[in-house]
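Student: structure, please.
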Amino acid sequence: MKKNFKAALLSAFVFPGLGQIYKGRKLKGGILLILVNFLLLSILVIILHGLSRIDIPAAIPDVTASARIAKQLLTGNPAFNWVSGALFCVWLYAVLDALLGNGNDRSC
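Tutor: Model (predicted):
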């Protein structure tokens with residue numbers, strides 16, 4: 001299997017940035033790993049902050065109630081949309097860079 005394809009699989013399915021580290025670009029891989037962790041932590045904080053504004057019943061009676069709670073969490077919070085969009089862009093960049101990038105570039 002080609003090294004670029006293995007690197008892209010690492011970045012796509014394991015964690016963005018691992019493909020760059022596998023190809024020898026440790027600085028770029030480290031930056032991507034830190035950025036993805038920061039964005040994931042930001043999404044978690046946004047979700048937890050949204051949970052504090054919702055009265056969750058002790059027992060969710062059916063699936064529609066849980067869907068309603070999820071909709072309340074995500075609507076009216078543009079920060080979630082921005083951060084999740086940024087996470088998707090970083091993920092896509094990491095995968096494409098691992099697949100198409102030149103492995104001989106040691107600077108970044």
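Student: I figured residue 101 hits residue 23, correct?
Tutor: Yes: in this structure, residue 101 is within contact of residue 23 by C-beta atoms under 8 Å, at 7.2 Å. Yep, even glycine has a C-beta here, placed from its N, CA and C like the rest.
Student: and for those two, which residues touch both?
Tutor: Taking C-beta atoms under 8 Å, 6 or more residues apart in numbering as the contact rule, residue 101 and residue 23 both touch residue 4.
Student: can you give me the helices in this protein?
Tutor: According to DSSP state H, the chain carries its helices in the segments 3-9, 18-22, 26-51, 63-74, 78-100.
Student: what comes up buried for the first one?
Tutor: Residues of helix 3-9 classed as buried under the neighbour-count rule (16 or more other C-beta atoms under 10 Å) are 4, 7-9.
Student: where does this protein have low pLDDT?
Tutor: Along the chain, the model assigns pLDDT under 70 to residues 1, 51-63, 65-66, 69, 72-76, 103-108.
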